[in-house]
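# Return atomic coordinates for the entry below.
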Amino acid sequence: MQRIFNGAKKSLLQGQTLNWVVGIASVAWLALSGVPVVAATAEPQPIKTANSYRTLGAGDYQSFIKNWDQQKSPALLAVIQTPAQWETIFHPAPVMGNRRPFSPDPKLFSRDLLLVVARVVPSPDPGGHPVFKVEKVGASQGELTFSFRFAEPPNAKSYTVKEFLGVWFPKADFKKAVFIENGKELGLLDLAQGQWSVPPASSN
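This next block holds a predicted model:
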């Protein structure tokens, strides 16, 4: 009986070891084949402090800024407050093996809004200085102010890309949103009149 028990125990341990080895081998194969191994990310935490913000990372979602009429507005400005508005500005970009979400959880828009500015610029060198940089985001008497720095990349390549800057800010009944670029007013959105983007977008 003891011999049988020891044999069963040895088989179990061998099975566990085999499963562990197979698991490690699978991860190694994915890495060598170029398929990204992406861990699930938790929903962003609420912004708890007034006049504080959270930057939208370029890799947070598997989406890119849609084209806009640059003749009407060289810069795209938007205050996104609903999933429908997000889908109007951003387009999903499916990539095999990448499990990042295409868009934020709709619940996020119940507490936060997203300020976005975008420009078409010559493609910057990898690892160079950022095209956009947040200076300050704040609110006073129903008016949002989004201040940032913009600089076209030096030593840029011959082709162009869309660069954007986005910040999450606590949602409230704001009447206007002012975008300040390099110390000068770039644009104003009359949120009270339903104007949430420049150039105008069709989604409500």
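# Report the beta-bridge partners for Glu143.
Ser140, Lys176 (DSSP bridges).
# Contacts only, for it.
By CB atoms under 8 Å, 6 or more residues apart in numbering, the residues touching Glu143 are Phe174, Lys175, Lys176, Ala177, Val178. C-beta here means a position set from N, CA and C on the backbone, and glycine is covered the same way.
# What residues of stretch 112-126 count as buried?
By neighbour count on 16 or more other CB atoms under 10 Å, the buried set for stretch 112-126 is Asp112, Leu113, Leu114, Leu115, Val116, Val117, Ala118, Arg119, Val121, Pro122, Pro124.
# Checking the last one next. Helix, strand or coil?
This points to Pro124. coil (DSSP: H, G, I helix; E, B strand; the rest coil).
# thinking again about what came up before, state the pair within the buried residues of stretch 112-126 that is farthest apart.
Asp112 and Pro122 (32.2 Å; CB to CB).
# Could you name the specific helix or strand carrying the closest residue to Ala118 other than its chain neighbours?
Nearest non-adjacent residue to Ala118, counting by CB to CB, 6 or more residues apart in numbering: Phe164, 3.7 Å away. Phe164 is part of strand 160-170 when elements are defined by DSSP states H and E.
# Need the residues that contact that strand.
Contacts with strand 160-170, where a contact means CB under 8 Å, 6+ apart, come from 44, 46-47, 50, 52-56, 64-65, 67, 76, 108, 111-124, 131-134, 137, 139, 144, 146, 148.
# All set, thanks.
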